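**Student:** Sequence and predicted model, in that order:
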Amino acid sequence: MAPQPLESPPRHPLPTSDVRLQEPSPADGPALWRLARDSRVLDVNSPYSYALWCRDFADTSVVARDGEGACGFITGYVRPARPDTFFVWQVAVAESHRGRGLARRMLDRLAGRLAARGHRYLEATVTPGNAASTAMFASFARDHGCELERSPLFGAEHFPGGGHEPEVLFRIGPISGRD
């Protein structure tokens, strides 16, 4: 389930200031499912899982909304065995909002919220072919003055059905609570 920021060259000169970032609610589940499905690159979970995620992990996730509804999201959770670490599960941005830095804005907001609660490390997995996610997490680490460690986590053999790239673990931190 590699995060996919889905950023591409700017298509619209519009700023992201018209987009609000908030914690999701269960009512956002269907929209998150559609965003994941429409990305054509994310591993799409069941609609039920997105509604449940928005209920149980709202405080470690963020949804972006414009005047028409959800236009992006990040889902994540605090690792039970490492309570100082939050894991970014999925990142998606609607095609109409790509190329304007929305994925990074959501990541900054989420990290700031979680660092203020004492979660000092961010983890995510990225497939080797995902240049957009690699660049986003590298710029996040650089801009926050953090170390970025990369290590293999899951090989292709961990994913039944074939065709799934390995997942590389990105660990970023420590993140200060000042953001």
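**Tutor:** Alright, I've got the coordinates.
**Student:** What segments of the protein are strands?
**Tutor:** Ranges of strands in the chain, per DSSP state E, are 20-22, 62-66, 69-79, 82-93, 121-126, 147-154, 167-173.
**Student:** Among these, which comes closest to residue 41?
**Tutor:** For residue 41, the closest of those is strand 82-93, at 8.9 Å, according to C-beta to C-beta. For every residue, glycine as well, the C-beta is placed using N, CA and C.
**Student:** Reformat the strands of the chain as JSON lines; add mean neighbour count, mean pLDDT and distance to residue 106.
**Tutor:** Output for the strands of the chain, formatted as JSON lines (neighbours: other C-beta atoms under 10 Å; pLDDT from 0 to 100; distance: least, C-beta to C-beta, whole Å):
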{"stretch": "strand 20-22", "mean neighbour count": "15", "mean pLDDT": "97", "distance to residue 106": "6"}
{"stretch": "strand 62-66", "mean neighbour count": "22", "mean pLDDT": "97", "distance to residue 106": "5"}
{"stretch": "strand 69-79", "mean neighbour count": "22", "mean pLDDT": "97", "distance to residue 106": "5"}
{"stretch": "strand 82-93", "mean neighbour count": "22", "mean pLDDT": "97", "distance to residue 106": "7"}
{"stretch": "strand 121-126", "mean neighbour count": "23", "mean pLDDT": "97", "distance to residue 106": "13"}
{"stretch": "strand 147-154", "mean neighbour count": "13", "mean pLDDT": "97", "distance to residue 106": "19"}
{"stretch": "strand 167-173", "mean neighbour count": "21", "mean pLDDT": "97", "distance to residue 106": "15"}
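**Student:** could you redo those strands as JSON lines and give each row distance to residue 32?
**Tutor:** Supplementary listing: these in JSON lines, determined by distance: least, C-beta to C-beta, whole Å:
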{"stretch": "strand 20-22", "distance to residue 32": "13"}
{"stretch": "strand 62-66", "distance to residue 32": "7"}
{"stretch": "strand 69-79", "distance to residue 32": "5"}
{"stretch": "strand 82-93", "distance to residue 32": "8"}
{"stretch": "strand 121-126", "distance to residue 32": "17"}
{"stretch": "strand 147-154", "distance to residue 32": "23"}
{"stretch": "strand 167-173", "distance to residue 32": "21"}
